[in-house]
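Chemist: only the shape, not the letters, is given here:
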């Protein structure tokens, strides 16, 4: 499920590093997390949507790789991002 432009703009505002930042690791993790949460809500109603489940697994894998990169390069920012998003280690 896609997210609205307004919600995406809110996430960018919240997680950006500088004024024109739209693609930093923190922003991408936040947007992926929002998309994952929306897909999980979708599956509560549509349990047998296997094509979307495959997409969900792809998004989870991308987010995991980005989190791993952030943990390796900037552990303080990693801890900050996972607490803001409510993710577990």
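Modeler: Here it is on my side, so go on. Not measured: the values here are computed from a predicted model.
Chemist: residue 3: what secondary structure?
Modeler: With DSSP: H, G, I helix; E, B strand; the rest coil as the basis, residue 3 sits in coil.
Chemist: that one against residue 30, yeah?
Modeler: No - contact criterion CB atoms under 8 Å: residue 3 and residue 30 do not qualify, at 10.4 Å. (Glycine included, C-beta is placed from N, CA and C.)
Chemist: all strands of this protein, in order?
Modeler: Counting by DSSP state E, the chain yields no residue ranges for strands.
Chemist: quick one: low-confidence ranges for it?
Modeler: For the chain, the stretches with pLDDT under 70 are 1.
Chemist: may I see the buried residues of the longest helix that it contains?
Modeler: Secondary structure of the chain per DSSP state H: the longest helix is helix 50-73. Neighbour-count burial for helix 50-73, with 16 or more other CB atoms under 10 Å as criterion, is recorded at 56, 59, 63, 66, 67, 70.
Chemist: residues making contact with stretch 30-44?
Modeler: Here stretch 30-44 makes contact (CB atoms under 8 Å, 6 or more residues apart in numbering) with 1-3, 7-8, 11-12, 14-15, 49, 52-53, 55-56, 59-60, 62-63, 66, 81, 84-85, 87.
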